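Engineer: Here is my input, please return the structure:
(chains A and B)
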Amino acid sequence: MYKVKVYVTLKKSVIDPHGSAVERQLQSMDYNGVSNVRVGKYIEFFVEKSDRNVEEIVKEVCEKMLVNPVIEDYRYEVEESVNQ
Amino acid sequence: MKFAVIVFPGSDDVDMYRAIKDELGEEAELVRHDAESLEGYDGILLPGGFSYGDYLRAGALARLSNVMKEVVKAAEAGKPVLGVGNGFQILLEAGLLPGAMKKNESLTFICRPEAIKVQNNQTIFTSLYEEGEVITVPIAHESGNYYCDEETLKRLKENNQIVFTYENNPNGSLEGIAGIINEAGNVLGMMPHPERAVDELIGGTDGLKLFRSIVKHWRETTNVTNA
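Structural biologist: Numbers count the residues shown, from 1 in each chain, chains lettered A, B, ... in the order given. Below is the predicted model of the structure:
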């Protein structure tokens, strides 16, 4: 069994209204040194071991569903896991 | 003319169905997300709403449902396909139209009548409008902030694919884009809801001409085929 962690973020070139709102609020709380807030998504799931390469499966799942490549980037981590 | 109104879990299909049946007097049937075929329908309508709760991204789960394979086939066959609100989001996610939707700039759900300009009346969806005509059609969305990269925007402009723009951009959409059409000219996506502007009693009838345009085109082309 593998445990997969996927991080989805808006592309750098895409303005993030969610992140901007959080940033403005943080600055109004006097955290003036905080900048470039970007709000993304974290998704985790398990994949059973099989003949197929796990990374191949993860990339497929990301590109077919979890990520919209027009506005989003992603990265992932795969680790072996004995229990869920 | 016989329309299919596609129903996903969470679709607001009733307004669309009622607009076609009662106001237009054409045939409409509700077709479920797990349907195997769209044969026999002359036009495909993807209504608004919150398919699959807008989970993951608006339209992301709906576009992977069974019926969408058939919607893609119908689009490729040249049938008119109209996506409104959530339906537009699904068409974007399915890649039938270019670009993507972000959350509204204000991060709030906006529900109100908006002034929309008809930028292109040379389409099967807008032929009964005047070019530059400003119509009032309600919007009701949280993710209507249209985005595409510069290259795509250039292409949209070159091919005259921007069909509707907002007069007072309510959601931060790039260039105030409210609706776009595909290059082939048979797939239209728009965030404003023309099916909710078909009755004088509730907010005017500016949306009617859009549906009448579709039917007019269908009558004309079907007659040609029969002759």
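Engineer: what sits against residue 13?
Structural biologist: No chain was given, so I picked chain A. Contact analysis of residue A:13 by C-beta atoms under 8 Å, 6 or more residues apart in numbering or on different chains lists residue B:149. (Each C-beta comes from the backbone N, C-alpha and C, glycine too.)
Engineer: that answer is for a different chain, and I need it for chain B
Structural biologist: So residue B:13 contacts B:5, B:6, B:7, B:30, B:47, B:49 (C-beta under 8 Å, 6+ apart).
Engineer: And for residue B:219?
Structural biologist: Contacts of residue B:219 by C-beta under 8 Å, 6+ apart are residue B:1.
Engineer: Doesn't it lie inside a strand?
Structural biologist: No - secondary structure of residue B:219 (DSSP: H, G, I helix; E, B strand; the rest coil): helix, not part of a strand.
Engineer: what about it, distance to chain A?
Structural biologist: Per C-beta to the nearest C-beta, to the nearest Å, residue B:219 is found 36 Å from chain A.
Engineer: Out of the contacts of residue B:13, list just those in strands.
Structural biologist: B:5, B:6, B:7, B:30, B:49 (DSSP state E).
Engineer: need the longest helix for chain A.
Structural biologist: helix A:17-28 (DSSP state H).
Engineer: Tabulate the CA atom coordinates of it in PDB.
Structural biologist: Output in PDB follows, covering the C-alpha atoms of helix A:17-28 (Å, rounded to 0.1, in the frame of the first residue of the first chain):
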ATOM      1  CA  PRO A  17      -8.600  36.000  -4.900                       C
ATOM      2  CA  HIS A  18      -8.700  33.700  -1.900                       C
ATOM      3  CA  GLY A  19      -5.000  34.200  -1.100                       C
ATOM      4  CA  SER A  20      -5.300  38.000  -1.600                       C
ATOM      5  CA  ALA A  21      -8.200  38.200   0.900                       C
ATOM      6  CA  VAL A  22      -6.300  36.200   3.500                       C
ATOM      7  CA  GLU A  23      -3.200  38.400   2.900                       C
ATOM      8  CA  ARG A  24      -5.100  41.600   3.400                       C
ATOM      9  CA  GLN A  25      -6.600  40.400   6.600                       C
ATOM     10  CA  LEU A  26      -3.200  39.300   7.900                       C
ATOM     11  CA  GLN A  27      -1.800  42.700   7.200                       C
ATOM     12  CA  SER A  28      -4.600  44.300   8.900                       C
END
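Engineer: and chain A, which residues reach chain B?
Structural biologist: Taking C-beta under 8 Å from any C-beta of the partner chain as the measure of proximity, chain A contacts chain B at A:10, A:13-18, A:21, A:64-66, A:68, A:70-71.
Engineer: go again using 6 Å as the cut-off
Structural biologist: A:17, A:21, A:68, A:70, A:71 (C-beta under 6 Å from any C-beta of the partner chain).
Engineer: Pull the contacting residues for the first one.
Structural biologist: So that's residue A:17. Contact partners of residue A:17, counting by C-beta atoms under 6 Å, 6 or more residues apart in numbering or on different chains, are B:103, B:105, B:107.
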